[in-house]
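Chemist: Have a look at this prediction, sequence included:
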Amino acid sequence: MHAIKHQKARSLYPSFERKAPGADVSHYCPGCGHGTVHNLIAEAIDDLGIQDRVIFCSPVGCSVFAYYYFDVGNIQCAHGRAPAVASAIRRTNDQAIVISYQGDGDLAGIGMSQIVHAANRGENITVFFINNAIYGMTGGQMAPTTILGQKTVTTPDGRNAANEGFPIGVSEIIDSLHAPVFIERVSLADAAKVMKARMAIRKALRNQLDGKGFSLVEVLSPCPVNWKMTPVEARRWLADNLEPVFPVGNLRDLPKSPIDRIDKKKAAPVSDRKILEILGVGEEEVATRTLQLKEEQHVKIAGFGGQGVLSTGILLANCAIAEGLKTTWLPSYGAEMRGGTANASINISHETIGSPIVSFPSALLTMNLPSLDAFEDTVQPGGSIFVNSSLVPRKVRRGDVAAYHIPVTDMANDLGTIQVASVILLTVYALVSGAITIETLRKIIPLSIKRKNLAEINMKAIEAGIAWHRENCAAS
Ligand SMILES: Cc1ncc(C[n+]2csc(CCOP(=O)(O)OP(=O)(O)O)c2C)c(N)n1
Ligand code: SF4
């Protein structure tokens with residue numbers, strides 16, 4: 001049993017210096033439950049000795065500013081997406097103790113599928129779900145957990161099941177899944193209940209430390225401002241009205257995760273070795289290959305849907321794997337099936353890559369004018385832009401990048417199909433950047449493209465790219 005200390009937890013900053021001038025106190029309203037939960041979490045972090053390991057994922061909502069208060073690693077997540085972010089951090093950093101801290105609008109409204117899937121995967125993360133039965137930050141709209149009859153700005157006559165459905169019991173939904181190890185609903189209605197909340201919060205963090213798996217603590221928490229009550233009235237209303245709808249207590253406390261029973265080999269993510277096997281590249285081949293990548297590559301390939309920009313991106317990423325490099329590929333496309341805009345972001349590095357996003361490409365491959373217009377200004381100074389000059393009627397305007405204008409659609413047409421235009425562009429990029437070898441490209445194409453005749457034209461496209469590079473090796 002830990003002694004109660006009458007001092008601020010070490011895991012909270014001594015003074016809360018927010019951006020707003022003179023703002024060095026918490027922004028929470030008087031009587032708000034968020035502050036209480038923050039204290040309970042911070043004390044648990046101190047007592048478990050994990051301050052230097054904790055990464056706190058704060059949501060969109062009143063607790064968005066948690067990073068001003070917790071002296072731990074912090075990430076502010078998009079609305080409802082904290083469980084996905086927390087899962088990714090936990091999977092890539094086994095030393096991290098990851099907290100997903102979420103309100104009811106965040107977790108049970110916009111983020112409902114995120115939390116259900118993270119719980120269902122049994123992610124080894126800890127979720128603190130602050131249920132104040134209302135959208136606090138935006139001024140008191142109905143939340144999924146608003147109780148029947150509760151007046152909010154969007155249900156001025158009270159929530160009515162016929163119109164708005166019933167309040168959602170999040171803990172009960174999570175309890176219907178196999179994987180979670182710990183689910184408890186607690187309340188901040190009085191001091192004794194706060195002490196129970198304290199125990200549950202500790203247990204949920206301890207579980208992660210012990211590698212047990214997914215833990216969720218739902219905290220029934222007052223929002224006096226939007227409930228239009230004094231802090232004392234709010235605590236009473238919580239006990240009299242919220243607790244009967246959302247009964248407090250432990251719903252689940254397993255000694256170990258059911259996920260442990262799954263064959264570890266089957267659960268293991270696909271390794272690079274497996275990918276090399278699929279690509280038909282021998283390990284010795286990778287080991288003996290001289291890595292010629294001099295600097296990290298952040299590539300954006302952009303064009304119309306149907307111009308092969310996404311598949312060319314996959315080809316580049318596959319080549320990077322075959323070179324023994326780390327890589328990521330991230331597609332982005334509009335809602336249209338064909339003819340809409342599409343782009344692929346590819347990172348290539350010797351090191352593990354933290355994010356698949358390419359905001360500032362070192363190389364931009366553009367297949368059409370809208371792509372050049374959209375991304376030209378984002379290219380890093382000293383980077384390169386490769387332009388399909390058959391379809392782009394203007395030159396690159398930037399003076400601080402190397403520009404290559406290549407009539408790849410015309411060249412591909414001469415080979416028999418415009419489908420291979422983007423591969424010609426990729427070949428020139430490969431030669432200019434040295435990121436991947438032509439030898440690898442030749443090897444991967446037949447493995448990636450199953451239709452033999454198309455693979456053959458792609459091989460010709462590589463030769464066309466080499467020929468163009470030979471004749472125009474200087475920036476045009
Ligand atoms: C994508 C997106 N949609 C909507 C919003 C507006 N928004 C900000 S906070 C919030 C609700 C937060 O309510 P809740 O999760 O219950 O947290 P509380 O503020 O009560 O702690 C909403 C809808 C937003 N910021 N981003
Ligand atoms: S609006 Fe409600 S949840 Fe938000 S800080 Fe104020 S009391 Fe807390």
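Modeler: Arrived safely, thanks for sending. These numbers come from a predicted model, not from an experiment. Ligands and ions are numbered 1, 2, ... in the order given.

Chemist: Give the residue spans of the stretch 301-450 of the chain that score low on pLDDT.
Modeler: Scanning the stretch 301-450 of the chain for pLDDT under 70 picks out the ranges 334-340.

Chemist: could you pull out the strands for it?
Modeler: With strands called from DSSP state E, counting those that start in this stretch, the stretch 301-450 of the chain shows them at 326-333, 341-349, 363-366, 384-388, 402-406.

Chemist: Which elements pack onto the fourth one?
Modeler: On a contact count with 3 or more Cβ pairs under 8 Å, 6 or more residues apart in numbering; DSSP states H and E, strand 384-388 meets strand 363-366, strand 402-406, helix 421-433. Yep, even glycine has a C-beta here, placed from its N, CA and C like the rest.

Chemist: looking at these, which is buried most?
Modeler: Mean neighbour count (mean count of other Cβ atoms under 10 Å) peaks for strand 363-366 among these, with a mean of 28.

Chemist: Pairing partners for that one, with directions?
Modeler: Here strand 363-366 is paired, per DSSP bridges, with strand 297-304 (parallel), strand 384-388 (parallel).

Chemist: CA atoms only for the longest one - export them in PDB, please.
Modeler: Once non-C-alpha atoms are left out, strand 297-304 reads as follows in PDB (Å, rounded to 0.1, in the frame of the first residue of the first chain):
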ATOM      1  CA  GLN A 297      15.000   8.900 -49.900                       C
ATOM      2  CA  HIS A 298      11.600  10.400 -49.400                       C
ATOM      3  CA  VAL A 299       9.800   9.900 -52.700                       C
ATOM      4  CA  LYS A 300       6.400  11.100 -53.900                       C
ATOM      5  CA  ILE A 301       5.000   9.600 -57.100                       C
ATOM      6  CA  ALA A 302       1.900  11.400 -58.300                       C
ATOM      7  CA  GLY A 303      -0.500  11.400 -61.200                       C
ATOM      8  CA  PHE A 304      -4.000  10.400 -62.300                       C
END
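
Chemist: any idea of the angle that strand forms with strand 326-333?
Modeler: Counting by axes from the mean of the first three to the mean of the last three Cα atoms, to 10 degrees, strand 297-304 lies at 20 degrees to strand 326-333.

Chemist: Quick one: residues in contact with strand 297-304.
Modeler: 309, 312-313, 316, 338-349, 358, 360-368, 371, 374-375, 378, 380, 388, 422, 425-426, 429, 433, 435 (Cβ atoms under 8 Å, 6 or more residues apart in numbering).

Chemist: Any residues of this structure in contact with ligand 2? List them.
Modeler: Residues of the chain lying close to ligand 2 (Cβ under 6 Å from any ligand atom) are 28-29, 32, 34, 62, 132, 136-137, 223-226.

Chemist: Show me which pair in those residues is furthest apart.
Modeler: With Cβ to Cβ as the measure, no two of those lie farther apart than Met137 and Pro224, at 14.4 Å.

Chemist: circling back: could you redo the helices and strands packed on strand 384-388 as JSON lines and give each row distance to ligand 1?
Modeler: Below are the helices and strands packed on strand 384-388 laid out as JSON lines (distance: least, Cβ to the nearest ligand atom, whole Å):
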{"stretch": "strand 363-366", "distance to ligand 1": "29"}
{"stretch": "strand 402-406", "distance to ligand 1": "38"}
{"stretch": "helix 421-433", "distance to ligand 1": "34"}
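
Chemist: Turn the ones you listed into TSV, columns for distance to Glu277.
Modeler: Output for the helices and strands packed on strand 384-388, formatted as TSV (distance: least, Cβ to Cβ, whole Å):
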stretch	distance to Glu277
strand 363-366	29
strand 402-406	35
helix 421-433	23
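
Chemist: Out of these, which gets nearest to Ala9?
Modeler: Closest of these to Ala9 is strand 363-366, at 47.3 Å (criterion: Cβ to Cβ).

Chemist: Just to check, Arg442 is in contact with Glu463?
Modeler: No - taking contacts as Cβ atoms under 8 Å, Arg442 lies outside contact range of Glu463: 9.5 Å.

Chemist: quick one on the thing from earlier: so which of the residues of the chain next to ligand 2 are also by ligand 1?
Modeler: When contact is defined as Cβ under 6 Å from any ligand atom, the residues of the chain next to ligand 2 meet ligand 1 at 62, 132, 136-137.

Chemist: Okay, and the beta partners of Tyr404?
Modeler: Beta bridges link Tyr404 to Phe386 when assigned by DSSP bridges.

Chemist: isn't it right up against Val392?
Modeler: No - counting by Cβ under 8 Å, Val392 is not a contact partner of Tyr404; they are 11.6 Å apart.

Chemist: Having no further points to raise, I will conclude here.
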